[in-house]
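>>> Build the 3D model from these lines:
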Amino acid sequence: MWDPAVISATSFNVGRPQPGEYAPYYERYVALIPGEQILDALDQQRRQTMLLLSGRDDADGDFRYAPGKWCAKEVLGHVCDTERVFAYRAMRIARADATPLAGFEQDDYVRNGPFANHPLNDVVEDFIAVRRATLSLLRNLDEAAWQRRGIANKNEVTVRGIAYIIAGHELHHRGILEEKYFAASR
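The predicted model follows:
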C-alpha cells in the first residue's frame, strides 16, 4: 500500500554541482549547502523553516525591518515563487527540453503577488506544498537527468545545479528572516 508520508529517495548519489554547472552569481547560494545529499538538505530545510515560522502571527508576517523592504510574508512568497520557477526549469531540463528558458524579475513577482494580503499561515502552507512538490520532482529523476544541461536566463545550468540553488536561496532568505525580521521577537 502506498504511504504518502514515505517518498523514496534516489538510489544513487547525486553529488555536488561543479563550477560551470550554474552561473557564477549562484555560487553565493550553492556554497551555503554542505555535502552531497541535496534531497536530505531540502527536506531538512522544510522542517527548519516550519519551526522558524511556527507560532508566528500575522503581525510577524507583516513586519518590515526597514521602509521599502518586503514584509516577512513577501519574503516567504518570494522563496515560493523562486522555487516554483527553478523547479520548472529543472523539470524542463531533466526532460531534455533544449528550449532556452527565460529569466524573471523577482520584484515584479512580489509586487504582483498576493502574499501580503494573506494570513501568514497560508503563506507557510504554500511553502510546505511547494517544497514537497520540488522534492517529489527531484526524487523521481534518474541519474542521467541530474546531469542534463540547459539554458536558463541566458546561462547554462544542470539539474543538480538548480537543486543546490533552490536550497541555497531558501537558506539565504531564512537567514535574513532570522536576523532581520524575527531576532527581536526571540
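>>> any low-confidence regions in the chain?
Applying pLDDT under 70 to the chain flags the ranges 1-11, 184-186.
>>> would you list every one of the helices in it?
Assigned by DSSP state H, the chain shows helices spanning 27-30, 38-53, 58-62, 72-94, 106-112, 120-139, 143-147, 159-176.
>>> Which one, of the ones you listed, ends up nearest to Gly15?
Ranking the helices of the chain by their distance to Gly15 (criterion: Cβ to Cβ) puts helix 159-176 first, at 6.7 Å. C-beta here means a position set from N, CA and C on the backbone, and glycine is covered the same way.
>>> which strands and helices sit next to that closest one?
The contact analysis (3 or more Cβ pairs under 8 Å, 6 or more residues apart in numbering; DSSP states H and E) places helix 159-176 against helix 27-30, helix 38-53, helix 72-94, helix 143-147.
>>> So what's the residue count around Ala23?
For Ala23, the neighbour count with other Cβ atoms under 10 Å is 15.
>>> To Asn153, which of the helices of the chain lies closest?
helix 72-94 (8.6 Å).
>>> Run the chain-centre distance for the closest one.
The chain centre lies 6 Å from the centre of helix 72-94; the measure is Cα atoms, centre = their mean, to the nearest Å.
>>> and if you look at stretch 135-151?
The answer for stretch 135-151 is 15 Å, by Cα atoms, centre = their mean.
>>> Between the two ends of that stretch, how far is it?
Distance across stretch 135-151, first residue to last, is 22 Å (Cα to Cα, to the nearest Å).
>>> What residues sit buried inside it?
Within stretch 135-151, the residues that count as buried by 16 or more other Cβ atoms under 10 Å are 135, 137-138, 141, 145-148, 150.
>>> Show me the contact partners of that stretch.
Contacts to stretch 135-151, defined as Cβ atoms under 8 Å, 6 or more residues apart in numbering, come from residues 7-10, 12, 14-15, 21, 38-39, 42-43, 46, 87, 89-98, 100-101, 156-160, 163.
>>> go with 7 Å
7-10, 12, 14, 39, 42-43, 87, 90-94, 96, 98, 100-101, 156-160, 163 (Cβ atoms under 7 Å, 6 or more residues apart in numbering).
>>> What subset of these is buried?
Applying 16+ other Cβ under 10 Å to these flags 10, 14, 39, 42-43, 87, 90-94, 101, 157-160, 163 as buried.
>>> what's the nearest residue to Val152 if we skip its chain neighbours?
That one is not Val; residue 152 is Ala. The spatial neighbour of Ala152 that comes closest, neighbours along the chain excluded (Cβ to Cβ, 6 or more residues apart in numbering), is Leu101 at 4.3 Å.
>>> is it true that the one you found touches Asn155?
No - judged on Cβ atoms under 7 Å, Leu101 makes no contact with Asn155 at a distance of 9.9 Å.
>>> now the buried residues of stretch 135-151 in JSON lines, with distance to Cys80?
JSON lines is the format used below for the buried residues of stretch 135-151 (distance: Cβ to Cβ, whole Å):
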{"residue": "Leu135", "distance to Cys80": "14"}
{"residue": "Leu137", "distance to Cys80": "15"}
{"residue": "Leu138", "distance to Cys80": "16"}
{"residue": "Leu141", "distance to Cys80": "21"}
{"residue": "Ala145", "distance to Cys80": "23"}
{"residue": "Trp146", "distance to Cys80": "23"}
{"residue": "Gln147", "distance to Cys80": "27"}
{"residue": "Arg148", "distance to Cys80": "25"}
{"residue": "Gly150", "distance to Cys80": "22"}
